[in-house]
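>>> Generate a structure from the sequence data that follows.
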Amino acid sequence: MTIPTEPIGGIPRPPELLRAIAGHAAGNVPAETLDRAYDDAVLDTVQRFEATGSPVITDGEQRKSSFATYPLEGLPGLAADGVVIPFEDGHTRQLPRLTQGPFRYGKYAGEYVRRTKPHTNRLLKQAVISASALSLLYPTGGIAGYPREKFIEDLVSEAAADIASAFNAGAQTVQIDFTEGRLSLKLDPSGGLLRSFVDLNNRVLERFSNAERENIGVHVCPGGDHDSTHSADVDYAGLLPALFAMKAGRFYLQLASEADRARVLRLIAKLSSEGQKIFVGVIDPIAPRVETPEEVRDRVLEAASILPLDRVGTTDDCGFSPFADDTSTARDVAFAKIRARVEGTALAAAKLGV
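Numbers count the residues shown, from 1 in each chain. Next up is the predicted model:
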């Protein structure tokens with residue numbers, strides 16, 4: 001047995017790609033040139049991932065506008081004035097608002113896997129956005145001729161098709177990004193919104209067999225955008241009971257940046273079930289300093305002292321660049337942190353004799 005280790009997803013885009021994206025938006029860079037810039041960024045990301053020794057890699061989400069909005073790229077029927085997500089430093093992100101039905105994805109995650117797979121022999125992981133996050137697109141006032149119930153039916157089908165597309169293209173694991181889980185408790189401390197989110201995501205997960213769900217995970221964190229978060233002040237204790245009711249086999253949990261990791265680990269040990277693999281965050285992506293392998297080792301040993309070792313894996317707290325325009329973390333720093341996670345996990349495994 002070894003201790004598995006996986007990234008979350010996003011890697012900061014290289015400056016050349018960001019310039020090409022901006023140039024294309026301004027009408028100065030043709031689509032063919034932009035596509036080549038994407039290809040170059042993905043290839044460089046894969047090669048640098050491999051150099052860290054990571055057994056599981058991603059494409060760094062280089063082709064995504066963001067972890068949340070990639071299915072909406074190029075779609076009609078969207079207005080800009082959707083739900084606003086405030087961050088602690090005062091900046092905001094805003095989702096679009098759906099104006100017409102039926103709801104369909106404009107892009108499926110399998111496309112990213114298909115375009116990355118020829119570049120590597122490593123196991124590929126693909127992140128997808130949760131159905132619960134996309135449910136926020138539907139306006140509170142409704143849409144004439146397209147009731148919310150019909151929207152939810154379409155959304156569940158599309159979210160399941162998104163996951164299936166990634167597996168069909170060759171992904172080893174698929175991760176559902178559920179950052180709105182912790183945020184929901186800030187919006188609704190009663191937990192009603194969180195429970196509705198979990199129920200909706202379970203409708204998607206129920207489309208898959210037990211064996212398939214073993215390779216489907218859920219990622220939660222308090223957000224991580226421009227070195228700020230949206231819900232780090234929300235107690236994990238309110239999230240975890242509902243989270244572990246999700247019918248997934250893997251859980252990727254932000255912990256490196258948590259103030260009292262041991263307390264949260266004890267809650268995880270109490271609330272999670274035997275069949276659920278727990279990937280503990282051992283790297284803080286928004287901290288400027290690169291962790292040492294020894295620091296990572298000690299965080300893994302702490303987790304292994306509380307959780308059953310055969311259920312423990314390691315990960316990063318969040319992606320390093322969930323939105324394409326987030327340049328707060330340097331690309332070199334991101335890969336240095338990933339290397340520290342890989343090496344520190346190996347040190348812990350050696351210490352534990354696994």
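>>> quick one: contacts for the residue nearest to N215 when sequence neighbours are not counted?
Using C-beta to C-beta, 6 or more residues apart in numbering and skipping residues adjacent in sequence, the residue nearest N215 is T173, 4.8 Å away. C-beta coordinates here come from the backbone N, C-alpha and C atoms, glycine included. For T173, the contact set (C-beta atoms under 8 Å, 6 or more residues apart in numbering) comprises 6, 56, 123, 125-126, 215-217, 250.
>>> all helices for the chain, in order.
15-25, 31-51, 110-116, 131-134, 148-169, 180-187, 192-205, 210-213, 236-243, 261-271, 293-304, 331-352 (DSSP state H).
>>> out of these, nearest to T140?
With C-beta to C-beta as the measure, helix 148-169 is the member of those nearest T140 (9.5 Å).
>>> Output that closest one as CSV, restricted to C-alpha atoms.
The C-alpha trace of helix 148-169 is given here as CSV (Å, rounded to 0.1, in the frame of the first residue of the first chain):
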residue,chain,number,x,y,z
ARG,A,148,-37.4,25.3,-12.4
GLU,A,149,-38.3,21.6,-12.2
LYS,A,150,-37.6,21.2,-15.9
PHE,A,151,-34.3,23.1,-15.6
ILE,A,152,-33.2,20.8,-12.8
GLU,A,153,-34.0,17.7,-14.8
ASP,A,154,-32.0,19.1,-17.7
LEU,A,155,-29.1,20.1,-15.4
VAL,A,156,-28.9,16.7,-13.8
SER,A,157,-28.7,15.0,-17.2
GLU,A,158,-26.1,17.4,-18.4
ALA,A,159,-23.9,17.2,-15.3
ALA,A,160,-24.0,13.4,-15.5
ALA,A,161,-23.1,13.6,-19.2
ASP,A,162,-20.1,15.8,-18.3
ILE,A,163,-18.7,13.3,-15.8
ALA,A,164,-19.3,10.4,-18.3
SER,A,165,-17.5,12.3,-21.0
ALA,A,166,-14.4,12.6,-18.9
PHE,A,167,-14.4,8.9,-18.1
ASN,A,168,-15.1,8.0,-21.7
ALA,A,169,-12.1,10.2,-22.9
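>>> how distant is that helix from the center of its chain?
17 Å (C-alpha atoms, centre = their mean, to the nearest Å).
>>> which parts of that helix are buried?
Within helix 148-169, the residues scored as buried using 16 or more other C-beta atoms under 10 Å are 151-152, 154-167, 169.
>>> quick one: pLDDT of the spatially most central residue of the chain?
Centroid check for the chain by C-alpha atoms, centre = their mean gives D177 as the closest residue, at 3.9 Å. Per-residue confidence at D177 stands at 94 (pLDDT).
>>> Is it correct that P102 is in contact with K150?
Yes: P102 is in contact with K150 according to C-beta atoms under 8 Å; the separation is 7.5 Å.
>>> and L155, what does it touch?
Contacts of L155 (C-beta under 8 Å, 6+ apart): 103, 131, 134-135, 200.
>>> let's see it at 6 Å
Shown in contact with L155 (C-beta atoms under 6 Å, 6 or more residues apart in numbering): 103, 131, 134.
>>> residues touching the second one, list them.
Same thing as A131. Per C-beta under 6 Å, 6+ apart, neighbours of A131: 155, 159, 200-201, 204.
>>> could you redo the last one with a cut-off of 10 Å?
Contact partners of A131, counting by C-beta atoms under 10 Å, 6 or more residues apart in numbering, are 152, 155-160, 162-163, 176, 178, 197, 200-205.
>>> gap between it and R250?
Distance, A131 to R250, using C-beta to C-beta, to the nearest Å: 17 Å.
>>> count of residues packed around G281?
Neighbourhood size, G281 [other C-beta atoms under 10 Å]: 26.
>>> and it, what does it touch?
8, 219-221, 252-258, 261, 299, 303, 314-318, 341.
>>> got it, and L18?
So L18 contacts 12, 37, 41, 324-325, 327 (C-beta under 10 Å, 6+ apart).
>>> ok, R195 touching A242?
Yes: taking contacts as C-beta atoms under 10 Å, R195 lies within contact range of A242: 5.8 Å.
>>> out of those two, which sits in the more crowded spot?
Set R195 next to A242 and count neighbours by other C-beta under 10 Å: A242 wins out with 19 against 15.
>>> Low-confidence ranges, the stretch 251-354 of the chain, go.
324 (pLDDT under 70).
>>> Could you export the contacts of L155 as a markdown table, including pLDDT?
Listed next are the contacts of L155 as a markdown table, based on pLDDT from 0 to 100:
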| residue | pLDDT |
| --- | --- |
| F103 | 97 |
| A131 | 98 |
| L134 | 97 |
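>>> Which residue is the nearest non-sequential neighbour of K150?
Leaving aside its sequence neighbours, K150 is closest to G101 (6.7 Å, by C-beta to C-beta, 6+ apart).
>>> V113: which of the contacts of T173 is nearest?
Q126 (5.2 Å).
>>> dump the residue contacts of that closest one.
9, 58-59, 61, 109-110, 112-113, 116, 162-163, 165-167, 169-175.
>>> and if we set it to 6 Å?
109, 113, 166, 171, 174 are the contacts of Q126 under C-beta under 6 Å, 6+ apart.
>>> Report the spatially closest residue to the second one, excluding sequence-adjacent ones.
Closest residue in space to V113, ignoring its immediate chain neighbours: A169 at 3.7 Å, by C-beta to C-beta, 6+ apart.
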